[in-house]
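In: the following block contains a protein sequence and its predicted model.
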Amino acid sequence: MPADNHSAPYVYHLGITMAGAVSAGSYTGGVMDYLIRCLQRWEQAKRGEYLPQFRHLIPPHQVVIDAIGGASAGGMTTTMTVLTLLRGDYKPIDPKEIAGIKTPTGNLFYDSWIGLNDTLTDGTTLMQMLKDEDLLGQEGKFLSLFNSNPIDAIAGKAFDIDGDIEELKKNLPPFIAPDLEVILTLTSLRGIPVHVDFNYFAVRRQTQLATNSPAPAHRMQQHRIVAHFKLNYRESADKNRYLHFDPTDPQKAALIKAVTIGSGAFPVGLRSRWFTLDQIPVEYIRQSTLRQLQRNIDESKPDFQMDLDKLLPDFKNLESFEFTAVDGGTLNNEPFGEVVQILEEKKNAKGEDLIHIDPPNFTIIMIDPFPSFEEQMEEGKNYDEVHRIVTPLVDAMRQQAMFKPLPSLKKYASDYPRTLVYPTRYTVEPQAGNPKDLGFKRRGEKDKAPICCASMHAFGGFLSEDFRKHDFALGQINCRNFLRAVLSFEYNPPHICHPMHQGWTPEMVEAFKVVIKGKTYLPVIPDVDWLTERDNLHPDYPYDYFMDKPKLDAANLEPLRRPIKNRAHNLLNKVESLTNKKSGKKIVIPGVAGWWKQRKSKAKSWVMRRLFRLLKKCIAGEMTKIALQFIANDLEERGLLKNKDER
């Protein structure tokens with residue numbers, strides 16, 4: 001079918017989920033940068049504005065992103081994506097040039113994840129995170145291990161956007177749904193009480209056990225908060241059911257920013273966030289909780305809705321629900337269930353069944369810098385000593401907390417299209433082959449530590465801009481290979497041909513096909529740059545990462561010694577201050593014996609304080625030594641530290 005055919009194009013839908021990753025968000029940013037670049041250039045090519053000489057080869061179908069969501073660093077990248085598209089001035093980053101590109105570039109993904117808050121005057125973001133202005137003064141509190149002010153500064157620059165939201169929405173490209181929905185996750189340290197009533201017979205007999213006594217119930221706590229934003233928000237229909245994604249309104253922008261930062265508030269490491277009634281209404285919390293408790297509520301059955309309401313009796317007279325939030329990834333690090341729900345609700349509104357559409361017209365894409373791979377089930381171990389139980393117990397509690405809600409499991413078990421983009425890097429062993437046949441792609445050894453920012457428990461990206469650049473470029477290359485060879489459907493007409501590929505001319509098929517193990521596949525999202533690259537590629541082009549894996553010299557860690565020691569010393573000062581406040585409470589004990597006990601207690605307390613002050617420097621020095629040794633060992637284990645021959 002020619003590109004200028006005026007019939008309505010076939011529409012294929014996408015939902016995108018981005019997992020938490022701390023500084024490895026630079027990888028996720030690279031994936032999203034290439035995805036938007038590919039979609040944008042495809043749309044431009046359809047109009048003849050890009051590669052006009054190939055306009056006759058441009059597939060006419062449409063791909064639309066209906067929902068996008070994430071947790072932690074994935075949540076931050078989710079917000080960056082929407083802000084980028086609303087601005088309408090997206091500037092793609094060329095992975096071939098990434099080693100020499102300096103910030104700012106105007107690309108929000110690159111400037112935020114690569115540039116962070118680095119400045120000539122204040123130094124690198126890591127050095128800023130080790131500063132102590134958040135700990136000093138009477139008002140200074142022990143907020144977090146790292147100074148979180150640089151994170152706030154990065155968010156402030158990202159939200160530098162002007163204009164009217166209705167005007168900005170006109171900048172949205174055709175591959176973004178006008179009614180785009182956005183998911184960000186939070187973990188509330190205040191539980192939402194959920195009741196299971198055990199007063200069945202008493203209610204039916206219209207009796208009470210005692211006057212004004214509470215009815216027996218099993219009480220649970222829900223700590224997952226889902227911030228569900230809509231771009232095309234209508235007050236009359238959406239109030240308290242959704243939140244409005246409007247970065248041009250100061251109050252709404254403050255909420256989006258707070259949720260974005262809160263979603264990435266890595267527990268203890270970064271500062272937690274406080275949410276008030278002015279930011280998130282209590283009725284939204286109630287309705288959002290109901291949606292989580294029972295996905296796909298049938299609103300045509302009010303009795304069913306009322307039964308669910310009984311689970312939240314505390315909300316009847318609740319005027320506000322204020323809470324402290326930490327990293328959304330703590331309990332919901334991969335919110336793909338929520339993204340599936342959005343697509344399902346949109347299909348249900350049209351009388352369609354999302355899961356059972358054949359052939360499928362949607363895909364859920366998850367971007368995960370730290371995926372889990374299939375492994376053999378762990379063998380049972382007899383933890384027969386108390387000290388051996390602690391670690392597996394904490395791990396079991398963590399894994400159970402991350403377990404997806406049971407009503408969703410049947411959807412996850414269904415054979416609907418979902419796929420994963422994750423870090424992959426191979427060493428290249430040159431071998432002859434057809435560059436159009438990507439079946440040869442697994443060359444050499446697979447890198448067991450493909451991304452640099454995974455070091456230091458995912459804080460490694462703060463160590464080096466080169467680490468972040470490498471991971472950003474790897475995300476771009478992985479996304480390129482994913483779009484060209486993975487996100488595709490088999491093509492073998494007339495028996496096997498997806499509707500989006502019906503009507504493709506033989507020239508289109510020849511231009512974009514990939515052959516894997518003797519079968520032909522056509523892409524969902526055609527990468528039009530392939531048209532200019534295909535005749536000049538060497539066989540192992542999928543492994544041309546444009547940037548060697550960077551390594552640090554051990555000497556690069558030495559400048560961190562003093563800032564880490566100072567930060568550790570000031571944190572110990574805060575611990576001492578908090579301890580003194582608690583021990584300062586007077587306990588009155590009558591009589592001479594009481595007087596003598598108080599004197600001994602004060603003397604003991606005085607001695608302990610003096611001893612602690614004398615030891616603080618030693619403790620801070622030891623903490624610094626341990627921290628630097630851990631960093632060096634972790635980098636060496638991942639192949640990110642230069643050996644003697646490389647220095």
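Out: Thanks, I have it. Numbering: from 1, shown residues only.
In: please count neighbours and contacts with C-alpha atoms only from this point.
Out: Noted.
In: going along the chain, name the strands of the protein.
Out: With DSSP state E as the criterion, the chain has strands at 11-18, 62-70, 176-197, 217-230, 243-244, 273-275, 323-327, 362-367, 418-421, 488-490, 514-516, 519-523.
In: using JSON lines, lay out these together with distance to residue 98.
Out: As requested, the strands of the chain are exported to JSON lines (distance: least, C-alpha to C-alpha, whole Å):
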{"stretch": "strand 11-18", "distance to residue 98": "23"}
{"stretch": "strand 62-70", "distance to residue 98": "26"}
{"stretch": "strand 176-197", "distance to residue 98": "27"}
{"stretch": "strand 217-230", "distance to residue 98": "33"}
{"stretch": "strand 243-244", "distance to residue 98": "35"}
{"stretch": "strand 273-275", "distance to residue 98": "34"}
{"stretch": "strand 323-327", "distance to residue 98": "30"}
{"stretch": "strand 362-367", "distance to residue 98": "21"}
{"stretch": "strand 418-421", "distance to residue 98": "21"}
{"stretch": "strand 488-490", "distance to residue 98": "28"}
{"stretch": "strand 514-516", "distance to residue 98": "27"}
{"stretch": "strand 519-523", "distance to residue 98": "26"}
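In: of the ones you listed, which is nearest residue 536?
Out: Closest to residue 536 of the strands of the chain, according to C-alpha to C-alpha: strand 514-516, at 16.2 Å.
In: what helices or strands is that closest one leaning on?
Out: Secondary structure elements in contact with strand 514-516, counted by 3 or more C-alpha pairs under 8 Å, 6 or more residues apart in numbering; DSSP states H and E, are strand 519-523.
In: chain center to the strand it packs on: distance?
Out: 31 Å (C-alpha atoms, centre = their mean, to the nearest Å).
In: isn't residue 150 right next to residue 131, touching?
Out: No - under the criterion of C-alpha atoms under 8 Å, residue 150 is not in contact with residue 131, lying 10.1 Å apart.
In: correct me if wrong: residue 262 contacts residue 328.
Out: Yes - taking C-alpha under 8 Å as the definition, residue 262 is a contact partner of residue 328 at 7.4 Å.
In: what about the two, which has more around it?
Out: Using other C-alpha atoms under 10 Å, the more surrounded residue of residue 262 and residue 328 is residue 328, with 35 against 30.
In: so that one sits against residue 183, correct?
Out: No - checked against C-alpha under 8 Å, the pair residue 328 and residue 183 is beyond contact range at 10.9 Å.
In: before we move on, back to that, wait, which of the strands of the chain is closest to residue 122?
Out: Of all these, strand 273-275 comes closest under C-alpha to C-alpha, at 24.5 Å.
In: give the buried residues for the closest one.
Out: Of the residues in strand 273-275, 273, 275 count as buried by neighbour count, 16 or more other C-alpha atoms under 10 Å.
In: that strand - what's its average pLDDT?
Out: The average of the pLDDT scores along strand 273-275 is 94.
In: quick one: residues in contact with that strand.
Out: Surrounding strand 273-275, the residues in contact under the criterion C-alpha atoms under 8 Å, 6 or more residues apart in numbering are 258, 262, 265, 322, 323, 324, 325, 326.
In: what pLDDT does the fifth one get?
Out: Read that as residue 323. Confidence score, pLDDT, at residue 323: 95.
In: how close does it get to residue 188?
Out: The gap separating residue 323 from residue 188 is 6 Å, by C-alpha to C-alpha, to the nearest Å.
In: ok, these two, which is more surrounded?
Out: Shown here are residue 323 and residue 188; by other C-alpha under 10 Å, residue 188 has more neighbours (25 against 18).
In: show me what contacts the more buried one?
Out: Shown in contact with residue 188 (C-alpha under 8 Å, 6+ apart): 223, 224, 225, 323, 324, 325, 326.
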